[in-house]
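Participant: next one to model:
(2 chains)
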Amino acid sequence: MNRLFTIFAYLFVISLFSLQAATKDKVSFNRDVRPILSDNCFACHGIDSKHRKADLRLDVMEGALKANEDGAVAIKPGDIKASSLWQRIITTDEDDLMPPPDSHKKLSAEQREILKRWIEQGAEYQAHWSFITPKTPAVPPIQNPPSEIRNPLDAFVLERLAEEGLQQNAQADKESLIRRVTFDLTGLPPTLAEVDAFLADAAPQAYEAVVDRLLKSPRYGEHMARYWLDLARYGDTHGLHLDNERSMWPYRDWVVKAFNDNLHFDDFTRWQLAGDLMPNATVDQKIASGFNRCNVTTSEGGSINEEFVFRYAVDRTSTAVEVWMGLTAGCAVCHDHKFDPLSQREFYSLYAFFNSAADPAMDGNILLTAPTLRLATAEQDKQIAGFDASIVTTEVKIRDAIAKMSYIDPATITPPPPVQTSEVVWFDDGFPAGVKVEVAGAPTSIITKEQGPVFSGTTALKRTAIDVAQDYFVSGASFDIPPNGKISTYCYIDPASPPKAIMVQYHVEGWNHRAVWGEEGAIPFGKVRTPEKVQMGGLPKAGEWVKLEVATEKLGLKPGMKVTGYAFTQFGGTVHWDRMSINSSVDPAKDPQWSWKIWAEKNQGKRVEGLPNELLTLVRGKKPSEWSVAETRQLQDWWFENEYQGARSIVEGSRGEKLAIISKKKALEEMIPATLIMADMPKDRESFVMIRGQYNKPGDKVSRGTPAAFPPLPKRDHYTRLDLADWLVAPEHPLTSRVTVNRFWQQFFGIGLVKTSSDFGSQGTPPSHPELLDWLSSNFRESGWDVKALVKLMVSSSTYRQGTKASPELLAKDPENRLYARGPRFRLDAEVLRDNALFVSNLLNPTIGGKGVRPYQPPNIWEPVGFGGSNTRNYVQDKGDGLYRRSLYTFLKRTAPPPFMATFDAPNREQPCTRRERSNTPLQALQLMNDIQHFEAARNLAQRMLLEGGASSADRITWAWRNVTSRKPSESELAIVQETFNQHLVKYQANVEAANLAVSYGESKRDEKLNASELAAYTMVANLLLNLDETVTKN
Amino acid sequence: MNPLIDYHYAQTRRQFFQGAGLNLGGIALASIMGERALGAAVSKSQVHPPLTGYPQFAPKAKRLIYLHMNGAPSQLDLFDYKPELQKFYDKDLPDSVRNGQRITGMTSGQARFPVAPSIFKFSQCGKNGMWMSELVPHIHEIADEMALIRSVHTEAINHDPACTFVMTGSEVPGKPSLGSWISYGLGSESNDLPSFVVLTPNFPSSGNAQALFTRMWSSGFLPTKHSGVALRAVGDPVLYVKNPPGVDPSDRRTMLDALNKLNQQNFERFGDPETQTRIAQYEMAFRMQTSVPELADLSGESKTTLDMYGPDVSRPGSFTQSALLARRLLERGTRVVQILHRGWDQHGGLPVNIAAQCKDTEQACAALVKDLKQRGLLEDTLVVWGGEFGRTVYSQGTLTKDNYGRDHHPRNFCMWMAGAGVKGGTTYGETDDFSYNIVKDGVHLNELNATILHLMGINHSAFSYKFQGLDQRLTGVEEVKVVKGILA
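Facilitator: Down below sits the predicted model:
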């Protein structure tokens, strides 16, 4: 085995070497020497002045040629013997050897040879290649090209292949081609009709027509957005600690739209980095600025604000530098960058652009951490204005009614007025007559004493559930909330099957009043720790009837409100419910809702909910004796309207109208989406170099600026993020365009021309085709940063259109396909795999955009990790359409991402990800074979085989094979599948019970007319076809 | 992955398929019969191969069990005995001790910092008289196997960054976890179980226990196959390991035989080594469908063993059962098992809650060490126990004779190790009388991780992965030392 290893290692070295220097005699500093010096020397002899050893710098020529105290020079051009660098490399004295043994760095023989030849040839330095503005290189003339040159891109590739003595593969067959390009541009496979049309189209431009069609498909934007969202670190939760939900999806939808509209990349850049600062910023520009709000945030108790304000600014800076400049800025947070010309001071000058962001250190664990943008339609805004006007009208009516009222405070009367009590039953034996009882879960069951525990009367409500389930009504009966009301409900929990939580909720113009016992997060409705969701305590004792009592006040149910519905809710378990009633007891002389004096005494110094702001401050801050006459009058008016029970009959009509309008307004407001956007504080925060990257150790003050190694910003007194964005897309900027075209190249060809697509610095790998990269980036910039044109150029090339066959010799020479002697072939990404299965089975719901959905997910992905009080602790799977949307729209909880994503190398979006891994693991195999969504897709594909695929098994298998691979099976392939089908059919005919199980997995209903055994056998065949190497691979 | 290794891996596998003279049906059959039936040829097709040259030197420990007590257990009530504190009950923590150190936003507003001595009794255990509290009576019995470090310190003061630090050596998300690093370096011997497995058992307090994050076992920038695989108590133990309803193993076999043949034809058409890898991975998936349920089946365990772990051993998802599963995983070749137990964040009501936490875990911790020992596994298995930081000597909230709470304290806390290469009965490091500052032999978490790697035959400073232009290490950029004082 060792020998085998050596042979392959040898082959590999040869091939790597051939990518670099072997074919050219002259050593190139940037291509050959810099990577060696950078990796082995710059850490101690680079630009980081603080950690520089022996005062020797090797990253610039002046440093290398400077004599030290002893008169020795590191490099004497042309003279190996007089170059101490060379002597220190070849010495056998461990004390002198460079790199030093304890660095664990070692130069290979080839690397030494390169350094030697470089010094001998004159030790010429070059600025790092990626920091030089690209010029448009001449397209190499290729005499008698061995394969077709469709555009200049091919010429560059062929020139290099000729040097290596290689040729390109023949062009891929039409079926492979349409499948490849359809996946690459839309993330979905072609339909059979599309394949047939392409096969029938003999026109020379048939392929271009397909590309044009795909670029116009709305699926294009969805697919392209997916890659960008990895960079933007987009998620649907805050990401740290509680990891609560955050509303950011309008940004995601904007990215889709931007690609579909072909927003040119310069504006795409400006809008995201500084959309909020654009003159007369449009709604889309503001949404786009949310790029800088996608970072993870916290609200963990005890966190230190300054620390997180600092971290967010560092995150935004590093992200911008990685995404647009392809550099790793992280190092310069703590010290000067060791390899690239980015000093710590320069890092903090960039950071100063982001350090004035207006968002708070603590996200508050809320959905919409300011600053946010409400996205109302004109119609919605009009409705809101209408509500506001109606509210004013009702307020006038209320004030008039109160003015006419006479009032004597009962607390001032002797003897005091008598105490009054009452009880009204809301539920006993069953729901009120005339209401329409609705359920979530199995049908309502009312049981008798013979069937189980009943508390009073003859029957009780019983429900068994596996997750959230409820019995409720919303209209047909109404109940008044009396003053000092207490609602009591009797509940009996089955000790053999306790729920996680139980809940009663009340409907007053909406479901906004809830009381919960048991686990707080289990039932996902309502905003925790508000009247929308009051945590009453642990679960009541099981095995006996327990009276659950809730004060109406606690739930925000005010006297005079009308309850028009209620619900019994539980998470899992078995629960019995009986007798719900409301009691009240009033002593007017001591009751703050009858006596103004008592109310004022009781509430002084408190924060009274519902009071308008200025009155709230007054009551909180001053004693009644200090209130002015006018202030007392105002407060009393409020009290009469909202609290005083004696005024109910007088104000109730108008007040009811007012409350109704307010709650309609609130309901509408809640429907209006909103998204986090970027904004700066009115006054800039000062920025400092933070010593060793510590948030509490400010050093020198810095102002906004860009690193000196790059073209300067135009002269101006004050710079903003918009200046930074303009600078990034300025024609002379050496990186933005290269980094961007390289990422698109990586998307289509698997690996970038610069393999380290997130590192264009001296530690990154040099480009395999430097002239091609420069040609593409100049071309891209000159096109006005036209993304669709760039994409079309790439996928139209002969290089892209080649067949993918790799001979063992080619594989040995170029295992990663960096030379492009064959077409791109690699496993489809997580989202594409799932979308493909949904698509070919006709399950896919094509709706574009909207809030994140929750498709199938095994139990216990969120629950074992989630914080108790988190609103994303319990995963409640969607039903119906939500299960079958494109994967782009799956709700992404960052601390527990969906397994279909994580298993197939999707990042968890805590940091930007420029390039996904492409692993190949048994867990992936298990998922594709057994995951309910894949098996359900197999069954639906099987159903299509039976209904659309023809009459014989051969026809049906051929039809399905074409659907998943776009080509017909070979005879041998068909024979293998047919034999398997026959085996499955025999088994399922003998075991109909198993067949029935296999065809009922998943929510979609099967066609009952089809024979279960036959459908099950085809389901296994479809499962097989969806797992083919060819199906899961872009070929 | 390094393309060379990937490539080489594909080659050896091809060599194996062809050289062994077996057609795919043969492989499939062998898979059903179990790997061993194929003999020596198979050992070369290791599914989780180590890096070339790893371990770098003869390891003391071949396997690691990491028991992470999430939320930060109070060192003052478990292992850091401070008898003098009783005199300071309800007195203010002297400024000279606090010395202006930062404290969290939760107690920085407190008017005073009253000292809360532990209400639990301490006693000496083992031949060297290691001090432990009455909360961990079973752990008393393994004192002679343990090295107790009382002077561990970390950097973060809040849970999220501290948990990220303790498991990945960085407060900022995105770095590989300890288990992933080890899996990357050493691979594992098992060809039908993952090399790095994570268990997240239930815990007693139903309230707001601190969260875990998948980043605590994710592979960060390392290849994703080194991510910890969470073994689950609810649903399938490994995600999707179970066939869909109505599909039995023979149906799956039928399907896989066809899949292998078709994929082999596909390989012949395109010559892509990934296709070969895929064939092998589907076969491993099939083996896991047997090996995983077998792993979770405790019916072969003796009554003595089950009793030693305690009554909760039969409750799925309990810490106790997780501890036993950890041993079974190691026996089957898994390299690293990490159990993350939640609920240790006692800001208030500490005495009652920590007692419940200990009751839920400590017997099983001790049983695991004893069980490994009696099977001869402890000599090359390392067991590590600890949280993400410590807790303050002063009470958070009201202090009474029998109730107090404690805030976060990153400046010192206790961890213990047992097993391979660890000097049993050692107490290492010292803190001041208030368990507030380290006075001797501080151990930074990076040093602790360096020590774990050292025991596993890895030189931490030479163990790096190139990412974003840097040689990234688990133990960070600064020089750190292995903690020699706890090594046998």
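
Participant: go ahead and confirm residue A:391 touches residue A:658.
Facilitator: Yes - counting by Cβ atoms under 8 Å, residue A:391 touches residue A:658, with 5.9 Å between them. Where you see a C-beta, it was placed from the backbone N, CA and C, and this is true even at glycine.

Participant: neighbour count for these two, which is higher?
Facilitator: Applying other Cβ atoms under 10 Å in any protein chain shown to residue A:391 and residue A:658 shows that residue A:658 carries more neighbours, namely 20 against 15.

Participant: tell me which parts of the stretch 301-450 of chain B are close to chain A?
Facilitator: Contact residues (Cβ under 8 Å from any Cβ of the partner chain) of the stretch 301-450 of chain B with chain A: B:407, B:408.

Participant: which parts of the stretch 301-450 of chain B are strands?
Facilitator: All strands of the stretch 301-450 of chain B, identified by DSSP state E, counting those that start in this stretch, fall at B:336-341, B:381-386, B:390-395, B:406-409, B:413-419, B:426-428, B:430-431, B:438-440, B:443-444.

Participant: just send those back as a markdown table, with mean neighbour count and mean pLDDT too.
Facilitator: Output for those, formatted as a markdown table (neighbours: other Cβ atoms under 10 Å in any protein chain shown; pLDDT from 0 to 100):
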| stretch | mean neighbour count | mean pLDDT |
| --- | --- | --- |
| strand B:336-341 | 27 | 96 |
| strand B:381-386 | 24 | 98 |
| strand B:390-395 | 28 | 95 |
| strand B:406-409 | 26 | 94 |
| strand B:413-419 | 28 | 98 |
| strand B:426-428 | 20 | 97 |
| strand B:430-431 | 20 | 97 |
| strand B:438-440 | 14 | 96 |
| strand B:443-444 | 22 | 97 |
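
Participant: among these, which is nearest residue A:497?
Facilitator: strand B:336-341 (26.4 Å; Cβ to Cβ).

Participant: what pairs with that closest one, parallel or antiparallel?
Facilitator: Applying DSSP bridges, strand B:336-341 is found paired with strand B:63-69 (parallel), strand B:196-199 (parallel).

Participant: mean pLDDT lowest for which of the ones you listed?
Facilitator: Sorting the strands paired with strand B:336-341 by mean pLDDT places strand B:196-199 lowest, at a mean of 94.

Participant: and for that one, what are the contacting residues?
Facilitator: B:179-180, B:182-183, B:188, B:217, B:226-231, B:233, B:322, B:325-326, B:329, B:334-340 (Cβ atoms under 8 Å, 6 or more residues apart in numbering or on different chains).

Participant: mind listing which of these are in helices?
Facilitator: Using DSSP state H, the subset of these located in helices is B:179, B:180, B:182, B:183, B:322, B:325, B:326, B:329.

Participant: now the strands paired with strand B:336-341 as TSV including mean neighbour count?
Facilitator: Listed next are these as TSV, based on neighbours: other Cβ atoms under 10 Å in any protein chain shown:
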stretch	mean neighbour count
strand B:63-69	26
strand B:196-199	27
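
Participant: need those strands in CSV (columns: distance to residue B:101).
Facilitator: Conversion of the strands paired with strand B:336-341 to CSV gives the following (distance: least, Cβ to Cβ, whole Å):
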stretch, distance to residue B:101
strand B:63-69, 23
strand B:196-199, 34
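
Participant: for residue 268, give me its contacts.
Facilitator: Going with chain A. Going by Cβ under 8 Å, 6+ apart, residue A:268 touches A:258, A:288, A:785, A:787.

Participant: A helix includes it, no?
Facilitator: Yes - judged by DSSP: H, G, I helix; E, B strand; the rest coil, residue A:268 forms part of a helix.

Participant: what's the closest of the strands of the stretch 301-450 of chain B to residue A:700?
Facilitator: Nearest of those (Cβ to Cβ): strand B:443-444, 29.0 Å.

Participant: how far does the closest one sit from the chain's center?
Facilitator: 18 Å (Cα atoms, centre = their mean, to the nearest Å).

Participant: which secondary structure elements does it sit against?
Facilitator: Under the contact definition 3 or more Cβ pairs under 8 Å, 6 or more residues apart in numbering or on different chains; DSSP states H and E, strand B:443-444 sits against strand B:146-153.

Participant: give me the mean pLDDT for the strand it packs on.
Facilitator: Per-residue pLDDT values over strand B:146-153 give a mean of 98.

Participant: okay, the angle between that strand and strand B:413-419?
Facilitator: Using axes from the mean of the first three to the mean of the last three Cα atoms, to 10 degrees, the direction of strand B:146-153 lies 150 degrees away from that of strand B:413-419.

Participant: same for strand B:146-153, what does it pack against?
Facilitator: Helices and strands touching strand B:146-153, as assessed by 3+ Cβ pairs under 8 Å, 6+ apart, comprise strand B:413-419, strand B:426-428, strand B:430-431, strand B:438-440, strand B:443-444, helix B:445-455.

Participant: what's around residue A:807, how many residues?
Facilitator: Count around residue A:807 with other Cβ under 10 Å applied: 12.

Participant: what do you get for residue A:612?
Facilitator: Using other Cβ under 10 Å, residue A:612 has 10 neighbouring residues.

Participant: spit out the contact partners of it.
Facilitator: Applying Cβ under 8 Å, 6+ apart, the residues near residue A:612 are residue A:638.

Participant: how close does it sit to residue A:659?
Facilitator: Distance of residue A:612 to residue A:659, computed by Cβ to Cβ, to the nearest Å: 15 Å.

Participant: do the same with residue A:410
Facilitator: Between residue A:410 and residue A:659 the distance is 26 Å, computed by Cβ to Cβ.

Participant: do residue A:41 as well
Facilitator: 75 Å.

Participant: go on, residue B:364?
Facilitator: For residue B:364, the distance to residue A:659 - Cβ to Cβ - is 57 Å.

Participant: just give the nearest non-adjacent residue to residue B:85, would you?
Facilitator: Leaving aside its chain neighbours, residue B:85 sits nearest to residue B:117 (3.8 Å; criterion: Cβ to Cβ, 6 or more residues apart in numbering or on different chains).

Participant: how close does the closest residue in space to residue B:401 that isn't next to it in sequence get to residue B:85?
Facilitator: Excluding the flanking residues, the one nearest residue B:401 by Cβ to Cβ, 6+ apart is residue B:119, at 7.6 Å. For residue B:119, the distance to residue B:85 (Cβ to Cβ) stands at 11 Å.

Participant: ok, these two, which is more surrounded?
Facilitator: Shown here are residue B:119 and residue B:85; by other Cβ under 10 Å, residue B:85 has more neighbours (18 against 14).

Participant: I'd say that one and residue B:118 touch.
Facilitator: Yes - the criterion here is Cβ under 8 Å, and residue B:85 meets it with residue B:118 at 7.4 Å.

Participant: mind listing the shared neighbours of those two?
Facilitator: Joint contacts of residue B:85 and residue B:118 (Cβ under 8 Å, 6+ apart) are residue B:76.

Participant: count of neighbours near whatever residue of the stretch 351-488 of chain B ends up closest to chain A?
Facilitator: Chain A sits closest to residue B:469 of the stretch 351-488 of chain B, with a gap of 2.7 Å, by Cβ to the nearest Cβ. Using other Cβ under 10 Å, residue B:469 has 25 other residues around it.

Participant: ok, now residue B:400?
Facilitator: The burial count for residue B:400: 9, using other Cβ under 10 Å.

Participant: do the same with the one 5 residues further on
Facilitator: The local packing count at residue B:405 equals 24, with neighbours defined by other Cβ under 10 Å.

Participant: how about it: what's its closest non-neighbour residue?
Facilitator: residue B:348 (3.7 Å).

Participant: please parse chain A into its domains.
Facilitator: Chain A is divided into the following domains under automatic domain parsing: A:2-126, A:420-586, A:930-1034.

Participant: pLDDT averaged over the last one - what is it?
Facilitator: Okay, so that is domain A:930-1034. 97.

Participant: do stretch A:177-189 as well
Facilitator: pLDDT averaged over stretch A:177-189 gives 98.

Participant: same question for stretch A:275-286.
Facilitator: Stretch A:275-286 shows an average pLDDT of 97 in the prediction.

Participant: in it, what's buried?
Facilitator: Buried residues in stretch A:275-286, defined by neighbour count with 16 or more other Cβ atoms under 10 Å in any protein chain shown: A:275, A:276, A:277, A:278, A:281, A:284, A:285, A:286.
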